[in-house]
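Novice: My questions concern the predicted model and sequence given below.
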Amino acid sequence: MSELRDLYQELIVDHYRRPHNYGPLVGANRHAEGFNPLCGDRLTLSLNVVDGMIKELRFEGVGCAISTASASLMTDALKGKTEAQAEAMFQHFQALVTGTDKAEAPVSLGKLEVLAGVREFPVRVKCATLAWHTLLAALHSVKQPVSTE
């Protein structure tokens with residue numbers, strides 16, 4: 001089991017050091033900002049949504065390893081998904097990192113499942129979910145920055 005945990009930690013560190021989809025998104029039609037006051041993580045998420053489908057998304061900001069890796073993995077997972085699929089993934093990711101039961105059929109979260117271990121550290125759940133709460137704000141055109149508090 002420790003080999004698997006080491007592999008998961010390596011993937012998280014890799015996404016922290018070399019985040020995917022990091023930087024501005026020219027032509028974005030949805031934006032949102034998020035803040036985790038507990039850890040100091042700040043995130044801006046930009047999306048290009050066309051006919052209800054997420055064509056492209058990128059993020060900018062500063063954060064801890066968990067926050068940055070979560071945003072990087074999330075952006076990889078959501079390209080080409082519909083807004084409804086993205087919201088369903090949010091629900092399942094939230095359940096994964098909090099350890100709560102899912103009422104409906106599970107959705108495959110792929111590489112995002114490496115973040116399941118944060119449920120052992122409740123204070124880190126907010127780091128892992130910051131990008132996801134920011135995603136919901138962008139999808140629903142919320143203008144005020146969202147907070148994990």
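Specialist: Ah, there it is.

Novice: where does the protein have its least confident helix or strand?
Specialist: The helix or strand of the chain with the poorest confidence is helix 2-17; it has a mean of 75 (mean pLDDT, DSSP states H and E).

Novice: continuing past that one, what's the next helix or strand?
Specialist: As assigned by DSSP states H and E, the chain's next helix or strand after helix 2-17 is strand 30-36.

Novice: and Ala84, backbone torsions?
Specialist: phi -60, psi -40 (degrees, to the nearest 10).

Novice: tell me the contacts of it?
Specialist: Gly52 (C-beta atoms under 8 Å, 6 or more residues apart in numbering). C-beta: built from backbone N, CA, C; applies to glycine.

Novice: I'd like the distance between it and Ile54.
Specialist: Ala84 sits 11 Å away from Ile54, going by C-beta to C-beta, to the nearest Å.

Novice: Show me where this protein has its helices.
Specialist: In order along the chain, the chain carries the following helices (DSSP state H): 2-17, 65-78, 83-98, 122-139.

Novice: Please identify the most buried of those.
Specialist: Highest mean neighbour count among the helices of the chain (mean count of other C-beta atoms under 10 Å): helix 65-78, with a mean of 24.

Novice: what's that helix in contact with?
Specialist: Outside helix 65-78, the residues touching it (C-beta under 8 Å, 6+ apart) are 11-13, 15-16, 19-22, 36, 39, 41, 43, 45, 54, 57-59, 61, 63, 86, 89, 93, 109-112, 114-115, 118, 124, 127-132, 135.

Novice: repeat that with 7 Å
Specialist: 12-13, 15-16, 19-21, 36, 39, 41, 43, 54, 57-59, 86, 89, 110-112, 115, 118, 124, 127-128, 130-132, 135 (C-beta atoms under 7 Å, 6 or more residues apart in numbering).
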